[in-house]
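1. Provided below for reference: sequence and predicted model.
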Amino acid sequence: MTPRPIIIDTDPGQDDAVAILLALASPEELEVRAITTVAGNVPLALTTVNALKMVELAGRTEVPVYAGCDGPLHGALITAEYVHGRSGLDGATLPEPVTAVAAGHAVDAIVEIVTSAPPGTITLCPLGPLTNVATALDREPRMAAMLREIVLMGGGFFEGGNTTPTAEFNIYVDPEAADVVFRCGAPITVLPLDVTHRALILPRHLERFAALGTRVGEAVHGLLTFYERYDVAKYGMAGGPLHDPCVIAYLLKPELFRGKLVGVEIETESPLTRGMTVVDWWGMTSGPRNATWIREVDAEGFFDLLVGRLAAIG
Ligand code: BDR
Ligand code: CA
């Protein structure tokens, strides 16, 4: 099987970091053409350093890391140090990277990779605010029709929001960018809070990462132990939701997930619900069905996949 070429657009963040590791640990199925960074969980300089740390931890420094947009299309950047810590990757001691960031802007890299590949081959995997992706779609209008698919983590409908009552973080940080992406016409699959809140990191999962006995296992155990304390305290959950790795797991084993093709629109105006992903789950309108909205996951199968793949690296 030829590996599926992907671009990971990301704002690491512990859960982004684990998603990157999962993708890099799956070379038979996924060819990571580039990692592009965006401001989100922490400012751009940190998300970029954090992505470089992950390619080094995985021993995959040939994968280029491009730095992208340092703030949303409009307004000021909102960050989430209250979840991820000051570095974005608090919880593990990782050496400063020696690998250099790739020359050029992430937006140009996305456009170049997608437009120089055969049409319908590249999958974009956004794990953070959609600023880079929207800017690329705007810069090269042919891009949407050339993509195979966009598979992203963002939004929430049945679960509400995690940043405002109605908005999830990635969409809330840059609703105008999300609006561009959801209107672009490319096939879209969404891994929203509705599914990631079922992929909870439980103590037995943490033990499995530690038991790997590798640098990767130790790092993931430390990162996720730190990361999940916020959601457990804030929401009273049994464990922290492992959001972003759901995107990569969906590419590797879609049979672990269930969802439905629906219409999704982004609220950009209302001060009360700005950043909301409005999902027409019951087909109440005649608008376009522009996204597959995932709601269910086999959580044990997801963690089995993750632990199994991470066992193979580091
Ligand atoms: C999303 O926001 C970030 O904090 C996480 O990395 C994830 O992408 C969850 O709302
Ligand atoms: Ca993220």
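-> Yes, it's here. Ligands and ions are numbered 1, 2, ... in the order given.
2. strands along this protein, start to end?
-> Using DSSP state E, the strands of the chain run over residues 4-10, 30-37, 65-67, 123-126, 149-153, 188-191, 200-201, 240-241, 257-266, 277-280, 291-297.
3. residues touching the nearest residue to Arg208 once chain neighbours are set aside, list them.
-> Distances taken as C-beta to C-beta, 6 or more residues apart in numbering place Val307 nearest to Arg208, at 4.8 Å, with adjacent residues excluded. All C-beta spots, glycine's among them, are computed from the backbone N, C-alpha and C. Contacts of Val307 were listed using C-beta atoms under 8 Å, 6 or more residues apart in numbering, and they are His205, Arg208, Phe209, Leu212.
4. and the residue lying closest to the third one once chain neighbours are set aside, how many residues sit next to it?
-> In this case it means Phe209. Leaving aside its chain neighbours, Phe209 sits nearest to His221 (4.2 Å; criterion: C-beta to C-beta, 6+ apart). The tally of other residues near His221 (other C-beta atoms under 10 Å) stands at 20.
5. hang on, His221 packs against Thr214?
-> No: using C-beta atoms under 8 Å, His221 is not in contact with Thr214, being 10.3 Å away.
6. could you tell me which residues touch both of the two?
-> Counting by C-beta under 8 Å, 6+ apart, nothing touches both His221 and Thr214.
7. identify the bridge partners of Thr36.
-> Asp9, Tyr66 (DSSP bridges).
8. residues contacting it?
-> Counted by C-beta under 8 Å, 6+ apart, Thr36 has contacts 7-10, 65-68, 106-107, 109-110, 132.
9. can I get these in CSV including distance to Val55, pLDDT and neighbour count?
-> Listed next are the contacts of Thr36 as CSV, based on distance: C-beta to C-beta, whole Å; pLDDT from 0 to 100; neighbours: other C-beta atoms under 10 Å:
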residue, distance to Val55, pLDDT, neighbour count
Ile7, 14, 98, 25
Ile8, 11, 99, 30
Asp9, 15, 98, 29
Thr10, 12, 98, 32
Val65, 6, 98, 28
Tyr66, 12, 98, 24
Ala67, 14, 98, 23
Gly68, 16, 98, 26
Ala106, 15, 98, 29
Val107, 20, 98, 24
Ala109, 15, 98, 24
Ile110, 17, 98, 28
Asn132, 18, 98, 30
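10. pLDDT on stretch 258-269, on average?
-> Stretch 258-269 shows a mean pLDDT of 98.
11. measure the closest residue to Leu193 other than its chain neighbours to ligand 2 for me?
-> Among residues not flanking Leu193 along the chain, Gly156 sits closest, at 3.2 Å (C-beta to C-beta, 6+ apart). Here the criterion is C-beta to the ion, to the nearest Å. By it, Gly156 lies 14 Å from ligand 2.
12. what's the answer for Ala25, then?
-> From Ala25 to ligand 2 the distance is 18 Å (C-beta to the ion).
13. ok, Arg289 next?
-> From Arg289 across to ligand 2, the span is 26 Å (C-beta to the ion).
14. touching, that residue and Val262? I think so.
-> Yes: in terms of C-beta under 8 Å, Arg289 counts as a neighbour of Val262; the distance is 5.8 Å.
15. mind telling me which residue of the stretch 1-150 of the chain is nearest ligand 1?
-> Gly13 (3.9 Å; C-beta to the nearest ligand atom).
16. out of Arg289 and Val262, which sits in the busier spot?
-> Val262 (18 against 14).
17. can you pull up the bridge partners for the more buried one?
-> Counting by DSSP bridges, Val262 is bridged to Ala291.
18. which residues touch it?
-> Val262 neighbours (C-beta under 8 Å, 6+ apart): Val279, Asp280, Trp281, Gly283, Arg289, Ala291, Thr292, Trp293.
19. tell me the pLDDT of the residue lying closest to Ile110 once chain neighbours are set aside.
-> Sequence neighbours aside, Ala136 is the residue nearest to Ile110 in space, at 4.3 Å (criterion: C-beta to C-beta, 6+ apart). Ala136 is assigned a predicted lDDT (pLDDT) of 98.
20. please apply the same query to Met1.
-> For Met1, the pLDDT comes out at 79.
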